[in-house]
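*Asks:* Quick one: sequence plus predicted model below, questions after.
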Amino acid sequence: MTVGNLPKQLLAVRREGRAYRRDLEAGVLTAKGDISLTDAHLIDTAAAATIQAGICRWLLRKKLSTMTTADVRGCTQDIVKAKERRDNAVKALGLDVSPEPIDLQAYIAALPNAKAHVQPEEAKEVS
């Protein structure tokens, strides 16, 4: 196993983390047009937190019978913390910022054939 890779048993967790990273990168590109260095680090944090939560879920599925109550509690607590870190990283990306409202009259006036898009009584105002 190389550094950064997960054991074969956790292949599905790694795939989940990578898919999450790709989806988040696509969302950032759509919203911002590019990915800054800060965005890349926030995306990495969110993907790592997704993988951490996945590992904890795997442990609960596969090792529950051998886990103590404290182990189970720790694992579930780690899932919640990982999701909080992921959510904070995504929030820091600022993807939910609403675009500036468009002034319809200014938009129409800026069109190349503005007079063709205006009703006859409004054509005088555009001239």
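*Replies:* Good, I have the coordinates.
*Asks:* hang on, Leu93 packs against His41?
*Replies:* No - proximity of Leu93 to His41 does not meet the contact threshold set by C-beta atoms under 8 Å, at 10.3 Å. For every residue, glycine as well, the C-beta is placed using N, CA and C.
*Asks:* more crowded one of these two?
*Replies:* Between Leu93 and His41, counted using other C-beta atoms under 10 Å, Leu93 has the larger neighbour count: 20 against 12.
*Asks:* quick one, what contacts the closest residue to that one other than its chain neighbours?
*Replies:* Distance criterion C-beta to C-beta, 6 or more residues apart in numbering; nearest residue to Leu93, sequence neighbours excluded, is Leu42 at 5.3 Å. Counting by C-beta atoms under 8 Å, 6 or more residues apart in numbering, Leu42 makes contact with 89-90, 92-93.
*Asks:* buried subset of these?
*Replies:* 89-90, 93 (16 or more other C-beta atoms under 10 Å).
*Asks:* where exactly do the helices run in the protein?
*Replies:* For the chain, applying DSSP state H gives helices covering 11-32, 37-63, 69-92, 104-110, 120-126.
*Asks:* How far away from the center of its chain is the second one?
*Replies:* Its chain's C-alpha centre lies 13 Å from the corresponding centre of helix 37-63 when counted by C-alpha atoms, centre = their mean, to the nearest Å.
*Asks:* Now that helix: buried residues?
*Replies:* 39, 42-43, 45-59.
*Asks:* do the same with the first one
*Replies:* Buried residues in helix 11-32, defined by neighbour count with 16+ other C-beta under 10 Å: 13-14, 16-17, 20-21, 24, 28.
*Asks:* How much space separates the most centrally placed residue in the chain from Ala92?
*Replies:* Per C-alpha atoms, centre = their mean, the C-alpha nearest to the average position across the chain is that of Leu24, at 3.7 Å. Using C-beta to C-beta, to the nearest Å, Leu24 is found at 12 Å from Ala92.
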